[in-house]
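Q: have a look; sequence and predicted model below, questions after that.
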Amino acid sequence: MRARLDPSTFRLPVEKLRAGYYSDAYFSTTKALLESEGRRPDVVLQLFQKHDAVLGGIDEALAILRACAGRDGREGWQPGWAALDVRALFEGDPIAPGEPVLQVAGDYGLFCHLETVLLGPLARRTLVMRNVHEVVEAACGKPILFFPARHDHWLVQTGDGWAAHVAGAIGVSTDAQASWWGGRGIGTVPHGLIGAYGGDTVAAARAFAARFAREMNVTVLVDWENDSVGTALAVADALGDDLWGVRLDTSEALIDVALEGVEARAGERLTGVNARLVGLVREALDARGHARVSIVVSGGFDAERIRAFETAGVPVDAYGVGSSLIRGQNDFTADIVRVDGRPCAKAGRGERPAARLTRVR
């Protein structure tokens with residue numbers, strides 16, 4: 001049996017979830033009405049989405065069901081999990097359009113208030129899973145560094161980092177993103193530290209390596225002076241074996257000094273991090289005896305751009321990818337498809353084959 005994340009991982013606000021605090025109000029009123037009327041329809045609810053994707057968020061959804069299905073009774077909360085038949089796919093499973101990823105059967109009043117908070121994690125984590133999986137495939141096995149933390153609210157980091165990890169990202173940038181599997185965030189010598197050393201990249205890199213070289217692969221941003229070739233060589237000469245890699249992050253509004261006066265070829269752009277600039281940095285490092293120094297590129301990369309770099313054979317060793325990994329949509333829907341043993345679904349919907357689902361004990 002494949003393992004699932006322990007429900008305690010998610011640190012759920014159980015009382016608020018049970019009370020419908022995070023649910024669309026009409027689900028809370030539905031629960032209240034069913035309970036007041038003593039109506040307990042035995043339903044089958046299926047959750048699905050409309051794309052070829054990679055499933056994320058399913059363990060979180062199951063944790064919510066486990067802890068928050070039930071109803072208030074005279075002696076307090078009466079758990080409902082044991083009365084439900086729950087079947088689900090696993091984190092990281094490839095999923096087809098319309099394929100059920102979660103099926104819940106039982107007294108609808110026990111879990112109707114949870115529909116909103118089941119769909120949300122599935123939508124968010126599957127979006128990240130799908131996007132990361134796409135760039136991982138585009139990179140042809142080269143490491144993908146997951147760098148979108150600054151582009152969204154910090155509260156989403158834990159689950160997003162887990163989704164990226166399962167989908168194949170080799171590293172994440174914050175400890176929160178790595179927390180669900182017990183990892184740590186990784187990073188490079190940032191622009192902020194270079195600024196704190198008066199714009200001296202070499203001085204900042206030396207100080208960083210002296211403190212952290214035993215703990216991590218030291219990678220240094222080399223675009224502070226918009227001279228990626230010159231700065232990469234200076235850093236490599238200064239750090240020697242303590243340097244793992246250099247990271248190119250040239251602004252899309254600038255042309256690196258190494259390319260000033262160079263005529264662009266048809267369809268080629270010389271601004272930002274581009275194939276020609278990466279090639280020049282690689283050639284310069286190799287010629288100076290730094291062939292083992294890796295090159296990381298970042299700044300506006302997505303699957304299409306990575307695919308273009310790989311097709312062209314650009315000498316990149318790893319890709320840092322940010323906001324593109326949390327953009328787009330991958331919405332989920334939930335439908336009642338059976339009531340009291342009989343088919344019952346809204347027009348245009350019906351019970352979908354669910355042979356791949358595994359019973360959740």
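A: Nice, I can see it.

Q: quick one: the helices in the protein?
A: 14-18, 25-37, 58-68, 115-138, 157-167, 175-178, 191-196, 201-212, 228-239, 275-287, 303-312 (DSSP state H).

Q: of these, which is nearest residue 357?
A: Residue 357 sits nearest to helix 58-68 of all the helices of the chain, at 10.4 Å, using Cβ to Cβ. Bear in mind the C-beta positions are built from the backbone N, C-alpha and C, glycine included.

Q: could you dump the helices of the chain into JSON lines with distance to residue 333 and mean pLDDT added?
A: Formatted as JSON lines, the helices of the chain follow (distance: least, Cβ to Cβ, whole Å; pLDDT from 0 to 100):
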{"stretch": "helix 14-18", "distance to residue 333": "20", "mean pLDDT": "98"}
{"stretch": "helix 25-37", "distance to residue 333": "14", "mean pLDDT": "96"}
{"stretch": "helix 58-68", "distance to residue 333": "14", "mean pLDDT": "98"}
{"stretch": "helix 115-138", "distance to residue 333": "7", "mean pLDDT": "97"}
{"stretch": "helix 157-167", "distance to residue 333": "20", "mean pLDDT": "96"}
{"stretch": "helix 175-178", "distance to residue 333": "28", "mean pLDDT": "96"}
{"stretch": "helix 191-196", "distance to residue 333": "43", "mean pLDDT": "97"}
{"stretch": "helix 201-212", "distance to residue 333": "47", "mean pLDDT": "97"}
{"stretch": "helix 228-239", "distance to residue 333": "47", "mean pLDDT": "98"}
{"stretch": "helix 275-287", "distance to residue 333": "42", "mean pLDDT": "97"}
{"stretch": "helix 303-312", "distance to residue 333": "26", "mean pLDDT": "97"}
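
Q: hmm, residue 339 is touching residue 45, no?
A: No - under the criterion of Cβ atoms under 8 Å, residue 339 lies out of contact with residue 45, with a separation of 10.2 Å.

Q: neighbour count: these two, which is higher?
A: When residue 339 and residue 45 are compared for neighbours, residue 45 comes out ahead with 22 against 14, by other Cβ atoms under 10 Å.

Q: circling back: deepest in the core, which of the helices of the chain is it.
A: Mean neighbour count (mean count of other Cβ atoms under 10 Å) peaks for helix 157-167 among the helices of the chain, with a mean of 26.

Q: that helix packs against which elements?
A: In this structure, helix 157-167 packs against helix 115-138, strand 144-146, strand 171-172, helix 175-178, with contacts taken as 3 or more Cβ pairs under 8 Å, 6 or more residues apart in numbering; DSSP states H and E.

Q: can you give the contact residues for that helix?
A: Contact with helix 157-167 is made by 5, 54, 56-57, 60, 91-92, 121, 124-126, 128-130, 132-133, 136, 146, 148-149, 152, 172, 174, 176-181, 183, 325-326, as judged by Cβ atoms under 8 Å, 6 or more residues apart in numbering.

Q: from the chain's centroid, how far away is that helix?
A: Mean C-alpha position of helix 157-167 versus that of the full chain (Cα atoms, centre = their mean, to the nearest Å) differs by 4 Å.

Q: may I have it as CSV, with CA atoms only?
A: Output of helix 157-167 as CSV, limited to C-alpha atoms (Å, rounded to 0.1, in the frame of the first residue of the first chain):
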residue,chain,number,x,y,z
GLN,A,157,4.1,27.8,0.9
THR,A,158,3.9,24.5,2.8
GLY,A,159,1.5,22.8,0.5
ASP,A,160,2.9,24.3,-2.7
GLY,A,161,6.4,23.1,-1.7
TRP,A,162,5.1,19.6,-1.1
ALA,A,163,3.3,19.6,-4.5
ALA,A,164,6.5,20.8,-6.2
HIS,A,165,8.6,18.1,-4.5
VAL,A,166,6.3,15.3,-5.5
ALA,A,167,6.1,16.6,-9.1
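
Q: and the angle from that helix to helix 58-68?
A: 130 degrees (axes from the mean of the first three to the mean of the last three Cα atoms, to 10 degrees).

Q: what's the angle from helix 157-167 to helix 115-138?
A: Interaxial angle, helix 157-167 versus helix 115-138 (the same axes, to 10 degrees): 40 degrees.

Q: distance between the ends of stretch 180-199?
A: 36 Å (Cα to Cα, to the nearest Å).

Q: mind checking how far stretch 55-74 is from the chain centre?
A: For stretch 55-74 - counting by Cα atoms, centre = their mean - the centre lies 22 Å from the chain centre.

Q: can you pull the contacts of residue 306?
A: The neighbourhood of residue 306, defined by Cβ under 8 Å, 6+ apart, consists of 135, 138, 139, 319, 321.

Q: cutoff 7 Å now
A: Contact partners of residue 306, counting by Cβ atoms under 7 Å, 6 or more residues apart in numbering, are 135, 138, 139, 319.

Q: report the contact partners of the closest residue to the first one other than its chain neighbours.
A: Right, the one you point to is residue 135. Excluding its sequence neighbours, the residue lying closest to residue 135 (Cβ to Cβ, 6 or more residues apart in numbering) is residue 303, at 4.7 Å. With contact set as Cβ under 7 Å, 6+ apart, residue 303 has these partners: 134, 135, 138.
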